[in-house]
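>>> predicted model follows, preceded by the sequence.
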Amino acid sequence: MKHNKKRNTAFLYECLIRELTKAILKEDKQRQTKVKGLLREFFTKGKVLANELGLYKSLIESKQLNKQFSQRLMVETKKDFDNLNRTEIFNEQTALINKINKALGSKTFSNFVPNYKDLATIGLYFQNSNLGAKKRIMLEDKVVNYLTRLDENQTEMKAVGQLEFKMFVERFNDTYKHSLLTEQKDLLSNFIVSFSDNGLGLKCFLNEEIGRLKEAVSVEIEKDSTMKDNFLKVKEKLDSYVKRPIDSSMVEEVFYIQDLLAEVKRNGD
């Protein structure tokens, strides 16, 4: 069963969210403004694509339901989907796709979306009117399995996404290899993949990286008395992370501390 990802409203939305995340990390204010503008234009309350996105979310955000309730939820959500104006949605999708290409570039559609397989399954289920009985039943069974499965058993999506994610990280590293430090690329790559592994990889990476940065700062404190107070503030910031939840602001701070210490080392050499 073929699926056109550019005609999947939830996929378009996720691509924009990930593009916004990257723009924030790079402090690219101009790109942030462009992405936010598209999100406001097409996904604010009352917009037809926002209404369709809400139907995707009603299924994608529901898990561990019993089978009977899952089937009822699917039927009612599909009714709501069928009541949407398909021509209007198609035209709005076309307008959004064109504006993404023009404002952000076609590579936006290559953003790694970890739950893409589930979004595609739900998209096919919503648009299954022209499928035969066997294929419709197969799709419905897949959606029921998704709605009834436990969070800790979502290994299928992760396994299928490994190759796609590997290719994404390679593209990411190729794009920034001339402007970012190796440790910065590792940090951003782990931050991006945190969307698919509940942050486990990012936590492990930050645990080791913050330890490395603390050691580097301690060396500078002993070596350079004129900068001691400044390095003590950096060390205090690093020590504070043990009590903070990991978020984009912490990742950004670590990013700049990495840059600071690398610059100090270059000047020292």
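Perfect, I can see it now.
>>> pretty sure L238 contacts R212?
No: with contact defined as Cβ atoms under 8 Å, L238 does not reach R212; the gap is 10.1 Å. Every residue, glycine included, has its C-beta placed from N, CA and C.
>>> the more surrounded of those two?
With neighbours defined as other Cβ atoms under 10 Å, L238 and R212 compare such that L238 has more, 19 against 12.
>>> tell me which other helices or strands the host helix or strand of that one touches.
Taking DSSP states H and E as the criterion, the element that holds L238 is helix 228-240. Where contact means 3 or more Cβ pairs under 8 Å, 6 or more residues apart in numbering; DSSP states H and E, helix 228-240 is packed against helix 200-223, helix 248-268.
>>> can you pull out the low-pLDDT segments for the protein?
The model of the chain has pLDDT under 70 over residues 1-3, 25, 63, 128-133, 136, 149-179, 193-200, 268-269.
>>> what about the helices in it?
For the chain, the helices defined by DSSP state H cover 9-25, 29-43, 48-60, 67-82, 86-103, 116-126, 133-148, 155-176, 182-193, 200-223, 228-240, 248-268.
>>> do you know which of those lies nearest S110?
Closest to S110 of these, according to Cβ to Cβ: helix 155-176, at 6.9 Å.
>>> picking that back up, switch the helices of the chain over to CSV; also include distance to S110.
Below are those laid out as CSV (distance: least, Cβ to Cβ, whole Å):
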stretch, distance to S110
helix 9-25, 8
helix 29-43, 15
helix 48-60, 20
helix 67-82, 27
helix 86-103, 12
helix 116-126, 11
helix 133-148, 25
helix 155-176, 7
helix 182-193, 12
helix 200-223, 21
helix 228-240, 34
helix 248-268, 21
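>>> any idea which of the ones you listed gets closest to F109?
Of the helices of the chain, nearest to F109 by Cβ to Cβ is helix 9-25, at 6.0 Å.
>>> tell me if I'm right that V217 and K233 touch.
No: the pair V217 and K233 does not pass the contact test of Cβ under 8 Å, sitting 9.7 Å apart.
>>> comparing these two, which residue is more hemmed in?
Between V217 and K233, counted using other Cβ under 10 Å, the more crowded position is V217 (24 against 11).
>>> what sits against that one?
Listed by Cβ atoms under 8 Å, 6 or more residues apart in numbering, the contact partners of V217 are F231, V234, K235, L238, L261.
>>> how about a cut-off of 10 Å?
Counting by Cβ atoms under 10 Å, 6 or more residues apart in numbering, V217 touches 230-239, 257, 260-261, 264.
>>> equivalent analysis for K237, please.
L213, V217, M250, E253, V254, I257.
>>> ok, so of those, who is nearest K79?
The closest of the contacts of K237 to K79 turns out to be M250 (Cβ to Cβ; 43.4 Å).
>>> ok, that closest one to R31 distance?
Noted for M250: a distance of 22 Å to R31, by Cβ to Cβ, to the nearest Å.
>>> and if you look at L213?
Taking Cβ to Cβ, one finds L213 at 28 Å from R31.
>>> between those two, point out the one with more neighbours.
Comparing L213 with R31 by other Cβ under 10 Å, the one with more neighbours is L213, at 22 against 18.
>>> does the more buried one touch K265 like I think?
No: counting by Cβ atoms under 10 Å, L213 stays clear of K265, with 11.9 Å between them.
>>> contacting residues for the nearest residue to V217 once chain neighbours are set aside?
In space, and not counting its chain neighbours, V217 is closest to K235: 4.8 Å by Cβ to Cβ, 6 or more residues apart in numbering. Each residue near K235 by Cβ under 10 Å, 6+ apart is listed here: L213, K214, A216, V217, S218, E220, I221, I257.
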